[in-house]
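Visitor: structure, please.
(one chain, ligands or ions: 1)
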Amino acid sequence: MSQQKSLIIANWKMKLGLNQALDLAKSLKAVEALGKEIVICPSFASLFPVSQVLKNTELKLGAQDIFWEASGAYTGEVSASELRDVGCQFVIIGHSERRKYLSETDEIVHKKVKAALAADLVPIICVGETFDQRQAGAADYVLIQQVTKALEGIDLRPDQPVVVAYEPVWVIGTGQAIDPPQAGHVHQVIRQTLIDLFPLELVKNSFRIIYGGSVDRSNVSDFTNLENTSGVLVGNASLEAAEFIDLIKNA
Ligand code: PEP
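Guide: The predicted structure is shown next:
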């Protein structure tokens, strides 16, 4: 991995109303000075208003999902160019909650990754095993499959960054993160999978592997200090300004 600022992504999910989202965005302006790359991912309804608060700051905006077609009769969906229009630079793709509740498959994730890259949005591709898959000893296999199916056959330009977020499904939202060495092992598996798919230079320069799942201010440095780890994806601990600011400081 090339040396870069720690990447810290806040996934606000469907947990904040517009006024709460605006208040939180305003109180996060202070983190600009902390020297980290921060991406805020509000719900679709809050994207544009939050973008106005983040304007002229170094904080970046991301969406929580995208549709794979460029435009057309797709009621309820949002295209890559619309995300760009409201100021997004990043987009979360294949979060386990979407895989679980919206039946998103690896094939859908692949199409969404292509749509994001075509619009020069940075995809944050979420991968992770369930508890049963880990218990069955299939975690590495599942992760290799998810990463491969998301990215296989994609023609990546050298100037297109991609983020792969390892999020063990069974620890998301539990308050109990995975043991950091276990995450370190998975990140090595992901990196090797990327090397099987792309030239080594591209893997080194374009890909960042991050960890997500019950990261908070007290454990964040256990993950950001891991080898092959460029940052964290944060759910619950990104919803409260003081907690998230401490987390950023400690990362
Ligand atoms: C997530 O859902 O992406 C996540 C990381 O959530 P939490 O930090 O709450 O586990």
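Visitor: how close does whichever residue of the stretch 1-150 of the chain sits closest to the ligand sit to I195?
Guide: Using CB to the nearest ligand atom, the single residue of the stretch 1-150 of the chain nearest to the ligand is N11, 4.4 Å away. Quick note: C-beta positions are derived from backbone N, CA and C, even for glycine. Distance of N11 to I195, given as CB to CB, to the nearest Å: 27 Å.
Visitor: higher neighbour count, those two?
Guide: Using other CB atoms under 10 Å as the criterion, N11 and I195 rank with N11 on top: 26 against 14.
Visitor: and the protein, which of its residues are near the ligand?
Guide: Counting by CB under 6 Å from any ligand atom, the residues of the chain close to the ligand are 11, 167, 172-173, 212-215, 233-237.
Visitor: now list the buried members of these.
Guide: N11, E167, I172, G212, G213, S214, V215, L233, V234, G235, N236, A237 (16 or more other CB atoms under 10 Å).
Visitor: the residue of the stretch 1-150 of the chain closest to the ligand pairs with what?
Guide: Per DSSP bridges, the residues bridged to N11 are C41.
Visitor: from the buried ones among the residues of the chain next to the ligand, which two are the most distant?
Guide: E167 and A237 (13.9 Å; CB to CB).
Visitor: show me what the longest helix along the chain is packed up against.
Guide: Ranked by number of residues, the top helix in the chain under DSSP state H is helix 180-197. Packing partners of helix 180-197 (3 or more CB pairs under 8 Å, 6 or more residues apart in numbering; DSSP states H and E): helix 139-151, strand 162-166, helix 200-206, strand 207-212, helix 220-224.
Visitor: for the fourth one, the distance to its chain's centre please.
Guide: Okay, so that is strand 207-212. 8 Å (CA atoms, centre = their mean, to the nearest Å).
Visitor: and the contacts of it?
Guide: Strand 207-212 is touched from outside by 1, 4, 7, 9, 11, 124, 126, 161-167, 172, 178, 183, 187, 190-191, 194, 198, 223, 226, 228-235, with contacts defined as CB atoms under 8 Å, 6 or more residues apart in numbering.
Visitor: change it to 7 Å
Guide: 1, 7, 162-167, 183, 187, 190-191, 194, 223, 228-234 (CB atoms under 7 Å, 6 or more residues apart in numbering).
Visitor: give me the buried entries from the residues you listed.
Guide: 7, 162-167, 183, 187, 190-191, 194, 223, 228-234.
Visitor: what's the pLDDT at the nearest residue to S221 once chain neighbours are set aside?
Guide: Nearest non-adjacent residue to S221, counting by CB to CB, 6 or more residues apart in numbering: N250, 5.3 Å away. pLDDT for N250: 96.
Visitor: list the contacts for whichever residue of the chain sits closest to the ligand?
Guide: Here the residue of the chain nearest the ligand is G235; by CB to the nearest ligand atom that distance is 2.2 Å. Residues near G235 by CB under 7 Å, 6+ apart: N11, K13, I172, G173.
Visitor: going by distance to K29, which of those wins?
Guide: Checking those one by one against K29 (CB to CB), the nearest turns out to be N11, at 19.1 Å.
Visitor: hmm, I92 and the closest one touching each other?
Guide: Yes - counting by CB atoms under 7 Å, I92 is a contact partner of N11 at 6.4 Å.
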